[in-house]
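> With the input below, show me the fold.
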Amino acid sequence: MNFLLFETVSDFISFSMTWISSNRIRKLYKSIFYRRKEDFMVNKNNNEEKSIEFLIEEKKLKETLEIINKEMLVYINKRKLITEYIVDYRKNVLDEYRNDEDKVIDYFDHERYVKEEAFKTIDRRLKELTILKESPYFGRITFEDKEFKDIENLYIGRFGLTPENTYEPAIVDWRAPVAALFYHGSLGDATYKSPQGEVETDIIGRRQLIIKRGNLEGLFDSEIDVKDDILQMVLSNNTSEKLKDVIMTIQREQDEIIRKPREKNVVVNGVAGSGKTTIALHRVAYLLYNYRKELQDKVLILGPNSIFMEYIAHVLPSLGEVGVKQETFTSFALKEIGENLDIMSFHEYLEKLVAKDEELLKDAKYKNSKQFIKDIEEFINKIEDEYFKVEEVKYFGETVVGIDEIKELFNKHYAYMPLFRRSQKIKRILLSKIKDKRDERVWLLNKEIQEAKAKLTSDERVIEENNLEFTRRLRIREIVREVMNSKEAIEAWLNNETIMNIYNNFNHNKQLNINDLAPILYLMIKLDGKKASESYRHVVIDEAQDYSEMQFKVVKELTGSKYFTIVGDVNQRLVKYEKSAAMMDIHNIFTSEDAEYYNLNKSYRSTFEIMDHANNFLNEDKVIPLVRHGAAVEIVNKNTEDEYVEEILRSLEEFNKEGLESIAVVTRDGNALERIWSKLRQQVHIVKFDNEDVIYNGGNVIIPSYFAKGLEFDGVIIADFKENAKKSQNEDLVKYIMSTRALHRLKEVIM
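Numbering: from 1, shown residues only. Reported below is the predicted structural model:
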């Protein structure tokens, strides 16, 4: 092709963009414009002249940014008109109905709802467009629809964009079904799900684009592969203080899990750095995008602690999703229990767990066992059979309801109800029977008094009427007093204790800890019919390896949700209560629903050297690290505390000089943290994470292993002691957790 045939570069680019879409030159496009990742990556800073592909993409980006700007102006005008309308309407309503407050309130509330909902939609769209201006899209997929023989180029972005009065999208939302082709993993035959069914395609090309601040920084043609240079580049960057949303680098195996249908229970057992949390959060965004009507404001995410929840809090909003409830299991459970419990703090509990407190470990192991569930079920059955000692209901000595009739109410008519709700229902029935007898006696008394008055002469009535009325009142009091007596007799055997008293008796009045929250709620569910205070239709559980079977049962029955996304790493349990984690037995715990299990053993977080070191602390289920090399892991032994602290300080300085932005000194427990921090704080600024209320904002931190779970840092310095450090051939899950927090640098300092 002769470039001199075109008057300007722009003319050539316009022709080229039309040309490459032509079905007749599909093969020529593949041979000229498609390059394997091994061939090149085009970068705007290359000294070589920009390639044709780069010029084409720059022109496309410019056109897209113009569309975004026009759309923003449209939405700004819409927002302005709605704002003016609301202000004028309110003014008119207030003037017209100034003297009628009820009408003002009615009209005002209705208008506020309708218009402010429209305002929210427009405002949300403006925020999305503002984000798109920075980076409209990150990829392009070129494919042929096999049925219609059309070749399409689709640009994939964080949000979709279809200009008003048009039908062709300028940008396709990454959550749209067709966008699955971008994450397919290879060229050639592929399908995606449309409303009309499976669509067969032939993927011709896949292009990754790097756009920052509205400028094209580079482009890259490749298949999805964990060794992609772009993935390597993203992973090689320093982490921010928050978890990234990584829609550009989602891998095929991750994307397949994210796009599983809503009516699926998904269980992901992934090694440290395999993207478990990323999968969970992006699955929520995907589900809300595709099933918004069913799931809006009905999704619950349960995380391990408040530090982790704050760490991930921005991801869903950055993907345009709000209204998702995010809580720890502890806060969720305490809110549902609704009482101020005298409970061991989460921090104290974890400290004792890591320190291997014998009494706590014994208690925790029991309450995480199947035997505990069996015991509490037997306890509930015993309550069902023996709790209420049925007595007949009497009124003025007359049997109103017999024992057999009451038992029939318990065991037949209302057997479907939880015991304590059943008892309250039966109590109302019995009291109603008493009141019927009361009304009958009052009616007979009134009839008797009226008949007595009718027999009196006029003169006798003057003398006796007051006496008769006084007698009637006395007997009414007797009737009412007997009602109270009967009610007290019923309550003496039909009232129940509080659930907390019942559980404390079962628990032998031991101090409560996090392991007691689930059984307390379980008793509330089984005896009181307790339901969650809000309605949920999908629940996500992160760090699920720490959940007991009882906790899973409680979350399911309390929320009433049929569908779950459960992610965890069985190797990140602080203590192995059982050989197999409960999360791997969900299909038996959730007996009415099936579950799909996924094992992810590739780690994208850390360098090969770091993950190879972490593998030393596992006996099985070894991690397969991404081949991204870095500095070797250092292990330094010191004999004195001064040398120990000096080495940690030297390491911090070294990591800072290397440009690492987030560095963590990770200790095994809080006692070790306090021992070291008191020395470090005198010579360096370092934030101490000793409770869940601390907010992570990057920089140098010192943190115990149990609070570091789920977090990641550019560099990690493990500060351990010989009495705790085990030989590498022995399994040490805490050391595994500590090691896998590091992205680029890891060092162990031991004394």
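> what domains does the record give for this protein?
Per the record, the chain has its domains at 1-224, 393-495, 626-750, by automatic domain parsing.
> Include mean neighbour count, distance to Arg259 and mean pLDDT when you put these into TSV, please.
All C-beta spots, glycine's among them, are computed from the backbone N, C-alpha and C. TSV is the format used below for the domains of the chain (neighbours: other Cβ atoms under 10 Å; distance: least, Cβ to Cβ, whole Å; pLDDT from 0 to 100):
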stretch	mean neighbour count	distance to Arg259	mean pLDDT
domain 1-224	15	6	75
domain 393-495	14	39	92
domain 626-750	19	22	89
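> Of those domains, which is nearest Leu287?
domain 1-224 (8.8 Å; Cβ to Cβ).
> quick one on the thing from earlier: would you format the domains of the chain as CSV with distance to Val570 included?
Putting the domains of the chain into CSV (distance: least, Cβ to Cβ, whole Å) gives the following:
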stretch, distance to Val570
domain 1-224, 26
domain 393-495, 34
domain 626-750, 9
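> Of all these, which one comes closest to Glu557?
domain 393-495 (11.2 Å).
> Start and end of the closest one, how far apart?
14 Å (Cα to Cα, to the nearest Å).
> just stretch 624-636 next, same as before
Stretch 624-636 end-to-end distance (Cα to Cα) = 26 Å.
> can you map out the strands along the stretch 301-450 of the chain?
For the stretch 301-450 of the chain, the strands defined by DSSP state E, counting those that start in this stretch cover 325-328, 393-395, 398-401.
> In TSV: those, plus distance to Ala285.
What follows is the strands of the stretch 301-450 of the chain, written out as TSV (distance: least, Cβ to Cβ, whole Å):
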stretch	distance to Ala285
strand 325-328	13
strand 393-395	58
strand 398-401	57
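> Run through the residues that contact Glu294.
Arg262, Arg537 (Cβ atoms under 8 Å, 6 or more residues apart in numbering).
> Spell out the secondary structure type for it.
In three-state terms, and counting by DSSP: H, G, I helix; E, B strand; the rest coil, Glu294 is helix.
> Quick one, which of the domains of the chain gets closest to Met550.
Nearest of these (Cβ to Cβ): domain 393-495, 17.7 Å.
> can you give me how far the helix or strand in which Glu256 is found is from the chain middle?
Using DSSP states H and E, Glu256 sits within helix 252-258. Its chain's C-alpha centre lies 18 Å from the corresponding centre of helix 252-258 when counted by Cα atoms, centre = their mean, to the nearest Å.
> what packs against that helix?
helix 276-290, strand 596-600 (3 or more Cβ pairs under 8 Å, 6 or more residues apart in numbering; DSSP states H and E).
> out of the strands of the stretch 301-450 of the chain, which comes closest to Leu660?
strand 325-328 (28.6 Å).
> And that closest one, what does it pack against?
By 3+ Cβ pairs under 8 Å, 6+ apart, strand 325-328 packs against strand 299-303, helix 306-312.
> So which residue is dead centre in the chain?
Ile301 (1.8 Å; Cα atoms, centre = their mean).
> Quick check: longest strand in this protein by residues?
Determined from DSSP state E, the single longest strand within the chain is strand 197-212.
> Can you list the strands that that strand pairs with?
strand 139-145 (antiparallel), strand 188-194 (antiparallel), strand 215-221 (antiparallel) (DSSP bridges).
> sorry, back to before: what would the helices and strands packed on helix 252-258 look like in CSV with mean neighbour count?
Below are these laid out as CSV (neighbours: other Cβ atoms under 10 Å):
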stretch, mean neighbour count
helix 276-290, 24
strand 596-600, 16
